[in-house]
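Q: A structural model of the following input is requested.
(one chain, ligands or ions: 1)
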Amino acid sequence: MERGMIAVSFGTSVPEARTAVEAVENALRREAPGYGFARAFTSPTIRRVLAGRGERVPSLAEALESLRAAGVRRAAVQPTHLLYGVEYDKLKAETEAFAGAFDVLALGRPLLADTGDIKRFAARLSQAYPPAEGSAAVFMGHGTDHFANAVYPALQTGLRLEGREDLLVGTVEGWPSLEDILRQLAPGGPRRVTLAPLMLVAGDHARSDMAGDWKPRLEAAGHTVRCTLTGLGELPWVQEMYRERFAELLKKTEE
Ligand code: CO
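A: Numbering: from 1, shown residues only. Sure thing, here's the model as predicted:
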């Protein structure tokens with residue numbers, strides 16, 4: 001097998017959330033028939049939890065090593081990460097360490113890698129959540145100390161420019177925060193709020209932070225809240241964006 005691909009994810013230990021990772025992996029695999037495939041999870045904690053349940057998921061270095069050992073000469077590594085950030089920096093360094101092991105080793109960009117991606121994502125999110133009187137939707141992203149956190153307020157601007165004051169972006173660990181969301185919702189009075197994860201999977205954060213913390217705090221502010229436990233990876237339009245991203249990358253491995 002001369003060509004190989006790796007779908008690299010942070011990983012999740014929530015079994016129901018795996019669907020989202022696998023849906024994206026399948027969308028990528030369909031784009032590269034004839035390629036050897038490997039899955040990698042970067043989180044050591046998640047790999048340890050899964051190993052405890054009898055499932056061994058390789059790290060990125062292990063997956064790269066397995067492709068090399070299988071005789072792959074041209075390898076494409078596509079992250080399922082939403083944005084550049086600490087995790088992306090790490091997997092970039094890990095990939096670069098294998099540069100000499102392949103004739104071509106190409107690393108793909110995250111889902112929201114430039115202004116065009118953010119505008120397109122805002123437009124598709126706006127279509128997926130049509131406006132309704134007295135309603136709002138709040139998207140919960142992860143958030144980070146890394147400068148790439150700027151993607152979240154940029155996405156909020158993208159939604160505003162789509163004319164959608166009713167679609168709000170917040171983060172668990174970055175900016176904007178839930179306090180910022182509550183402040184923006186307050187002037188409209190109590191609303192029907194749909195809460196949805198702005199993360200690949202509806203995993204631990206969606207269950208603990210979104211359903212367990214954000215929902216009761218929004219309710220305490222008078223809103224009626226419905227939680228959607230659907231990871232972005234489960235949405236066909238998001239899978240399509242990943243597929244397009246991967247198609248760009250494959251061009252590089254086929255040059
Ligand atoms: Co986290």
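Q: What ranges does this structure have for its helices?
A: Shown for the chain, the helices assigned by DSSP state H span residues 18-31, 44-52, 60-69, 86-96, 115-128, 151-161, 178-185, 204-205, 215-220, 236-254.
Q: Quickly, which of the ones you listed bottoms out on average pLDDT?
A: Sorting the helices of the chain by mean pLDDT places helix 204-205 lowest, at a mean of 92.
Q: outside of that one, which residues touch it?
A: 12-14, 140, 142, 172, 197, 199 (Cβ atoms under 8 Å, 6 or more residues apart in numbering). For every residue, glycine as well, the C-beta is placed using N, CA and C.
Q: how about Val233, what does it touch?
A: Careful, residue 233 is Gly; it's not Val. 19-21, 23-24, 80, 200-201, 239, 242.
Q: what about 6 Å?
A: By Cβ atoms under 6 Å, 6 or more residues apart in numbering, the contact list for Gly233 reads 20, 23-24, 200.
Q: likewise Arg109?
A: Arg109 sits next to no residue when contact means Cβ under 6 Å, 6+ apart.
Q: pLDDT wise, what is it at?
A: pLDDT at Arg109 comes out at 98.
Q: Tabulate the helices of the chain in CSV, adding columns for mean neighbour count and distance to Gly4.
A: Converted to CSV, the helices of the chain look like this (neighbours: other Cβ atoms under 10 Å; distance: least, Cβ to Cβ, whole Å):
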stretch, mean neighbour count, distance to Gly4
helix 18-31, 20, 11
helix 44-52, 14, 20
helix 60-69, 19, 4
helix 86-96, 16, 13
helix 115-128, 17, 26
helix 151-161, 20, 30
helix 178-185, 17, 42
helix 204-205, 19, 30
helix 215-220, 15, 42
helix 236-254, 17, 9
